[in-house]
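Student: Mind folding the following:
(2 chains)
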There are 2 protein chains.
Amino acid sequence: MPVWGGIEAGGTKWVCVVGSGPHTIAAEVRFPTTTPHETLTRAVAFFQHYQEQYGPLQAIGIGAFGPVDLHTTSPTFGYITNTPKPGWAQTDIDGRISRAVGVPVHVDTDVNAAVFGEYRWGAAQGLDTCVYLTVGTGIGGGGLINGKLTHGLLHPELGHMYLPHDTQTDPFPGACPFHGDCLEGLASGAAIAQRWGRTGDTLPAHHPAWPLEAHYVALGLTNVIVTLSPQRIILGGGVMQQAQLFPLIRRKVQTLLNGYVNDPALLDQIEDYIVPPALGNRAGVLGALALAQ
Amino acid sequence: MPVWGGIEAGGTKWVCVVGSGPHTIAAEVRFPTTTPHETLTRAVAFFQHYQEQYGPLQAIGIGAFGPVDLHTTSPTFGYITNTPKPGWAQTDIDGRISRAVGVPVHVDTDVNAAVFGEYRWGAAQGLDTCVYLTVGTGIGGGGLINGKLTHGLLHPELGHMYLPHDTQTDPFPGACPFHGDCLEGLASGAAIAQRWGRTGDTLPAHHPAWPLEAHYVALGLTNVIVTLSPQRIILGGGVMQQAQLFPLIRRKVQTLLNGYVNDPALLDQIEDYIVPPALGNRAGVLGALALAQ
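Tutor: The predicted structure follows:
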């Protein structure tokens, strides 16, 4: 049976798998993201070792932290470009891995990989327009539109949209070094930790942090809905492990839209419209595998 | 030579053409939007008359004010649905025209038609991802992504995104009946008229209305850029006849992005990135013609 490789190339850790789908993972390894050389060497070694033992891979897919150059005609195609992550700027992950492992490589952003994984095997199956928003240390989004991943000029950076911010009720100035109080600046895990002086996972479920978090995420989703008109929105990432956020966000989105987008998906079935990833925290690496295919 | 029909079906006026492109318009008529019966009858008469004299049309494209039902499987496909415009809710424009004229009809939103016209013959030629934003009495947007028009759940309603609104410097509460101070509520022609007590076309070029207008439009475009990553943004509509807005908007978008989207199109060539429609106020009706083709 043919097998493929998948890499969830995160800013904190990398997960590499070999297999053909969610239930047929033949090998897996995870390790922290250190220097580009060490991290890429470990990934290459994993795939080389597999090929020596069991035979060739068809291709490898990578869902990478960004920004990633996705212009197929660019001389830095497949590079991680101007990331603030030390040592990683201008790293050619596509070329390094394809040359060393000797198979074709397909790179996209981590969030585009996640939405593609959900499209193939999860909560976006059968849809043609869907958004995946991850709310973790940062906030990012991937989009599938007309059955294809969104790229455009670069690729979406949904976390950096500007939102209403009532500084009377929430005087926190925002945590984004580029934009202050953009969505990521107001609602990322880093913003929660800075605003409340402790990380979200140590705050109780009834803490006022959560209605405020739901408010900002709902504003972001409302703007995504009027901009992209997705058929479903998948909300993943560490902060969304707080399951109490989902009903708060769904109700707030309905309040903010105020009946303007007149569709039963939003008015009557919003529990099926704003959902957690069906693949859980495997969406990214399985999406990378799907990209390879 | 084969010819097609195009209808810009606006809320104020309809423009109908027969031809094959911007320089080969064989016939044209324009009339105010009155009742659905009267308006549709005039459009049908124009195309019937043409066919009787010169032979059959290949097809007719319509760019319609919305919301429009674009689900091909829906029983109300091609209808204008829950519009507040008196008498027009649940009007089957697609079926009425295709049956009466006897040719296939292709309906989309007015702004999707405009972006498609620019894609075919104007400022979006050769691009695969482009947004058309019209700032007129209301604000609407159409998008072309991966070479296809955006539909999704319904279709985009870009005018209704939420934006930062500093009520200290701009106490105007917003003009949108659904959302108050959304983009349309703050920056449409209707909002300008309500805020300043006179219509925009009577305000001088140095009036403080214009920097404020540029501020809100730039916030909206910044959110569009981080959400859709378009390769170009086309700004049309009556308010954008104020040519002094373009440099103000371009500079403000650069300030708001603050170098985050690191691409020469935004950093060095923003005059070619945020542009007026190459087809001017013909984008809508020519786009309808392009839809027919």
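
Student: Which parts of the stretch 101-250 of chain A are helices?
Tutor: When secondary structure is read from DSSP state H, counting those that start in this stretch, the stretch 101-250 of chain A shows helices at A:110-121, A:183-187, A:189-196, A:209-228, A:245-257.

Student: in the longest one, what's buried?
Tutor: Taking 16 or more other CB atoms under 10 Å in any protein chain shown as the neighbour-count basis, helix A:209-228 is seen to contain the buried residues A:209-210, A:212-228. Backbone N, C-alpha and C define where each C-beta goes, glycine included.

Student: Need the nearest residue in space to the residue in the stretch 1-150 of chain A that chain B sits nearest to, chain neighbours excluded.
Tutor: Nearest residue of the stretch 1-150 of chain A to chain B: residue A:129, at 3.7 Å (CB to the nearest CB). In this structure, residue A:129 finds its nearest non-sequential neighbour in residue B:152, 3.7 Å apart by CB to CB, 6 or more residues apart in numbering or on different chains.

Student: do the same with residue A:232
Tutor: residue A:130 (5.1 Å).

Student: Tell me who's in contact with the one you found.
Tutor: Contacts for residue A:130 (CB atoms under 8 Å, 6 or more residues apart in numbering or on different chains) come out as A:115, A:118, A:119, A:123, A:124, A:143, A:144, A:230, A:231, A:232, A:233, A:234.

Student: out of those, which one sits closest to residue B:244?
Tutor: Taking CB to CB as the measure, residue B:244 lies nearest residue A:143 of the contacts of residue A:130, at 34.2 Å.

Student: Up against chain B, what does the stretch 101-250 of chain A have?
Tutor: Residues of the stretch 101-250 of chain A lying close to chain B by CB under 8 Å from any CB of the partner chain are A:128-129, A:141, A:145-146, A:148, A:150-165, A:178-179, A:181, A:219, A:222-231.

Student: Any of those residues buried? List them.
Tutor: A:128-129, A:141, A:145, A:148, A:150-165, A:178-179, A:181, A:219, A:222-231.

Student: gap between the two ends of stretch A:141-159?
Tutor: 7 Å (CA to CA, to the nearest Å).

Student: now swap in stretch A:119-127 and tell me
Tutor: 7 Å.

Student: List of residues touching that stretch?
Tutor: Stretch A:119-127 has contacts (CB under 8 Å, 6+ apart) with A:21-22, A:115, A:118, A:130, A:132, A:144, A:231-232, A:234, A:275-279, A:283, A:286-287, A:290, A:293.

Student: Give me the distance from it to the chain's centre.
Tutor: For stretch A:119-127, the separation from the chain centroid amounts to 15 Å (computed by CA atoms, centre = their mean, to the nearest Å).

Student: can you list the weak-confidence ranges in the stretch 151-293 of chain A?
Tutor: Within the stretch 151-293 of chain A, the ranges that satisfy pLDDT under 70 run A:153-154.

Student: what about 80?
Tutor: Across the stretch 151-293 of chain A, residues meeting the criterion (pLDDT under 80) sit at A:151-156, A:260-263, A:267.

Student: which non-adjacent residue is nearest residue A:281?
Tutor: In space, residue A:281 is closest to residue A:236, 7.4 Å off (CB to CB, 6+ apart).

Student: Residue A:270 now?
Tutor: residue A:250 (4.6 Å).

Student: how much space is there between that neighbour and residue A:230?
Tutor: Using CB to CB, to the nearest Å, residue A:250 is found at 14 Å from residue A:230.

Student: try residue A:269
Tutor: Distance of residue A:269 to residue A:230, given as CB to CB: 14 Å.

Student: Kindly report the same for residue A:6.
Tutor: Residue A:6 is 24 Å from residue A:230, by CB to CB.

Student: what's residue A:178 in contact with, if anything?
Tutor: By CB under 8 Å, 6+ apart, the contact set of residue A:178 is A:160, B:257, B:258, B:259, B:260.

Student: closest to residue A:36 among the residues you listed?
Tutor: For the contacts of residue A:178, the minimum distance to residue A:36 (CB to CB) is 22.2 Å, reached by residue B:260.

Student: Name all residues that make contact with the closest one.
Tutor: Residue B:260 sits next to A:157, A:160, A:178, A:179 when contact means CB under 8 Å, 6+ apart.

Student: do residue A:133 as well
Tutor: Counted by CB under 8 Å, 6+ apart, residue A:133 has contacts A:111, A:139-141, A:158, A:217, A:220-221, A:224, A:233-237.

Student: switch the cut-off to 6 Å
Tutor: Counting by CB atoms under 6 Å, 6 or more residues apart in numbering or on different chains, residue A:133 makes contact with A:141, A:235.

Student: Quick check: the gap between it and residue A:33.
Tutor: 22 Å.

Student: Using just helix, strand and coil, how would you label residue A:2?
Tutor: Here residue A:2 is recorded as coil under DSSP: H, G, I helix; E, B strand; the rest coil.

Student: what about residue A:147, how many neighbours?
Tutor: Neighbour count for residue A:147, taken as other CB atoms under 10 Å in any protein chain shown: 12.

Student: didn't it look like it was pressed against residue A:128?
Tutor: Yes: counting by CB atoms under 6 Å, residue A:147 does reach residue A:128; the two are 4.6 Å apart.

Student: who touches both of these two?
Tutor: Among the neighbours of residue A:147, none is also in contact with residue A:128 (CB under 6 Å, 6+ apart).

Student: what's stretch A:14-33 in contact with?
Tutor: A:3, A:5-8, A:11-13, A:39, A:42-43, A:46, A:50, A:121, A:285-286.

Student: Just give me the closest of these to residue A:186.
Tutor: Nearest to residue A:186 among the contacts of stretch A:14-33 is residue A:11, at 20.4 Å by CB to CB.

Student: who are the neighbours in contact with the closest residue to residue A:97 other than its chain neighbours?
Tutor: Distances taken as CB to CB, 6+ apart put residue A:105 closest to residue A:97, at 5.3 Å, once the chain neighbours are dropped. Residue A:105 makes contacts with A:60, A:94, A:97, A:98, as judged by CB under 6 Å, 6+ apart.

Student: Just grab the bridge partners of residue A:105 for me.
Tutor: Counting by DSSP bridges, residue A:105 is bridged to residue A:60.

Student: Now find how far off-centre stretch A:228-241 is within its chain.
Tutor: 9 Å.

Student: got the CA coordinates for that stretch in CSV?
Tutor: Provided in CSV are the C-alpha atoms of stretch A:228-241 (Å, rounded to 0.1, in the frame of the first residue of the first chain):
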residue,chain,number,x,y,z
LEU,A,228,-15.6,34.8,3.2
SER,A,229,-19.1,33.5,3.8
PRO,A,230,-17.8,30.1,4.9
GLN,A,231,-20.1,27.1,5.2
ARG,A,232,-18.5,26.2,8.5
ILE,A,233,-15.9,27.6,10.9
ILE,A,234,-13.6,25.2,12.8
LEU,A,235,-12.0,26.6,16.0
GLY,A,236,-8.9,24.9,17.2
GLY,A,237,-5.8,25.7,19.3
GLY,A,238,-4.9,25.6,22.9
VAL,A,239,-7.2,28.3,24.1
MET,A,240,-10.2,26.5,22.5
GLN,A,241,-9.6,23.6,24.9
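
Student: got the contact list for that stretch?
Tutor: With CB under 6 Å, 6+ apart as the test, stretch A:228-241 has contacts from A:118, A:123, A:127, A:129-136, A:189, A:200, A:221, A:273-275, A:277, B:152-156.

Student: ok, back up a step: who wins for proximity to residue A:56 among the helices of the stretch 101-250 of chain A?
Tutor: Closest approach to residue A:56 among the helices of the stretch 101-250 of chain A (CB to CB): helix A:110-121, 22.2 Å.

Student: Run a quick check on residue A:222 versus residue A:255, I expect a contact.
Tutor: No: applying CB under 6 Å as the test, residue A:222 and residue A:255 come out as separate, 9.3 Å apart.

Student: Please determine how far residue A:248 is located from chain B.
Tutor: 17 Å (CB to the nearest CB, to the nearest Å).

Student: Test my guess that that residue contacts residue A:216.
Tutor: No: the pair residue A:248 and residue A:216 does not pass the contact test of CB under 6 Å, sitting 11.1 Å apart.

Student: Many thanks, have a good one.
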